[in-house]
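[1] Dropping a prediction and its sequence here:
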Amino acid sequence: MQLDSLLSLQNPWWKLNFNLRDLPEYKFKKRFAFTSLDNAFFGANLMLFLKGMRRLGKSTLMKQLIISLLQKYPNNAKDVFFLEFSESFSDLKALLSSVAHKKKVYLFLDEIQYCQNWRDLLKSFYDQNPHIKIVFSGSSNMAFSKEKELLMGRFLPLALTPLTFKILLSETKANGTSMFILVSFPNF
């Protein structure tokens, strides 16, 4: 699939009269990490790196951050670019080239580990375009030391972990519900 087609498909907020409530992520409860991510996004002038195991909600957090951004700045929808990379599309260079001329851009790059030379490309792009906000995600099996070394001082890592018992307890206390089901062993 071509870049333009993917962008059109993965960025529904570009459509005229699009309602953020139509995004599935709008209805999802915000994870415990959302507040840290939201504060870092609006407060830091660094790239943000979401890292964690598969299925922890990195993509959902990115979409919820996009929703937060568009609620604060509804006229910036055309400046928000989300792209999920995969084995079938991994051309980061094409995306960066297509947005380099813009004054204000928000890039959300999901599953960046599929892109070759992504560290070099992001470093160069960020150094030339410090006004562009970049959030990128990748799986835990990425070599973290390489990011640290090459992107030092340019990104803020946010490592997502599985839900801990402590967080589970705080969530149940916060909303007054119980997530526990009492079970017993069967009688033999």
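    Yep, that arrived.
[2] Going by C-alpha atoms from here, please, whenever you check contacts or count neighbours.
    OK.
[3] mind checking the SS state of the residue nearest the centre of the chain?
    Most central in the chain under C-alpha atoms, centre = their mean is residue 62, positioned 2.9 Å from the mean C-alpha point. What DSSP: H, G, I helix; E, B strand; the rest coil gives for residue 62 is helix.
[4] One more: residue 156?
    Once three-state DSSP is applied, residue 156 turns out strand.
[5] Give the full set of residues in contact with it.
    Residue 156 sits next to 46-49 when contact means C-alpha atoms under 8 Å, 6 or more residues apart in numbering.
[6] By neighbours, which of those wins?
    Using other C-alpha atoms under 10 Å as the neighbour test, the contacts of residue 156 are led by residue 47, with 24 neighbours.
[7] That one bridge partners, please.
    residue 155 (DSSP bridges).
[8] from what I can see it touches residue 131, true?
    No. Under the criterion of C-alpha atoms under 8 Å, residue 47 makes no contact with residue 131, lying 10.6 Å away.
[9] Alpha carbons only: can I get the helix or strand encompassing residue 37 in CSV?
    Per DSSP states H and E, residue 37 falls inside helix 34-43. C-alpha atoms of helix 34-43 as CSV (Å, rounded to 0.1, in the frame of the first residue of the first chain):
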residue,chain,number,x,y,z
PHE,A,34,-1.6,8.2,30.2
THR,A,35,-1.1,11.1,32.6
SER,A,36,2.7,10.8,32.5
LEU,A,37,2.6,10.5,28.7
ASP,A,38,0.2,13.5,28.3
ASN,A,39,2.3,15.7,30.7
ALA,A,40,5.5,14.7,28.9
PHE,A,41,4.0,15.4,25.4
PHE,A,42,2.8,18.8,26.3
GLY,A,43,5.6,19.7,28.6
